[in-house]
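S.K.: what follows is a protein structure lacking sequence information:
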Ligand SMILES: [Zn+2]
């Protein structure tokens, strides 16, 4: 099933105490650009944006995933390009 992205939003939040967060209750996601650094800054920032977006994509009552399951699936999906 393709998620309906009209219920999803993502913004930068410079005061966030983590790289990113997703709120299932509202479908809102925030990423803190300041907490990403190093030579791979842009790649790390995009990874966080993708990570939080995947939380939204997996946010489906029918999937019945706990947080650990969801993090494991996102980890696999984020590395899939390495194996293609
Ligand atoms: Zn996560």
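M.R.: Happy to help now that I have it. It should be emphasised that the depicted structure is a prediction, and the values quoted were computed from it without experimental measurement.

S.K.: tell me the secondary structure at the residue most central in space within the chain.
M.R.: The chain has residue 52 as the residue nearest its centroid, 1.4 Å off, counting by CA atoms, centre = their mean. Secondary structure state of residue 52, per DSSP: H, G, I helix; E, B strand; the rest coil, is helix.

S.K.: what of the one 10 residues further on?
M.R.: Taking three-state DSSP as the rule, one finds residue 62 in the helix state.

S.K.: from here on, call the first residue 27.
M.R.: Shifting the count to begin at 27 puts that one at residue 88.

S.K.: so what's residue 73 scoring on pLDDT?
M.R.: According to the predicted model, the pLDDT of residue 73 comes to 91.

S.K.: list the contacts of the host helix or strand of it.
M.R.: Residue 73 is part of helix 67-83, with elements assigned from DSSP states H and E. Here helix 67-83 makes contact (CB atoms under 8 Å, 6 or more residues apart in numbering) with 29, 31, 34, 36, 45-48, 50, 53, 55-57, 59, 62-64, 96, 99-100, 103-104. Where C-beta positions appear, they are placed from N, C-alpha and C, glycine not excepted.

S.K.: C-terminal to it, what's the next element?
M.R.: helix 93-109.

S.K.: tilt between that following helix and helix 67-83?
M.R.: 130 degrees (axes from the mean of the first three to the mean of the last three CA atoms, to 10 degrees).

S.K.: quick one: residue 63 and residue 71, what's the gap?
M.R.: 10 Å (CB to CB, to the nearest Å).

S.K.: same deal with residue 104?
M.R.: As judged by CB to CB, residue 104 and residue 71 stand 13 Å apart.

S.K.: between these two, which one's more packed in?
M.R.: Applying other CB atoms under 10 Å to residue 104 and residue 71 shows that residue 71 carries more neighbours, namely 19 against 13.

S.K.: now do the buried residues in the helix holding residue 73.
M.R.: Residues of helix 67-83 classed as buried by neighbour count (16 or more other CB atoms under 10 Å): 70-71, 73-83.

S.K.: okay, the residue nearest to the centre of the chain: pLDDT?
M.R.: According to the model, residue 78 scores 96 on pLDDT.
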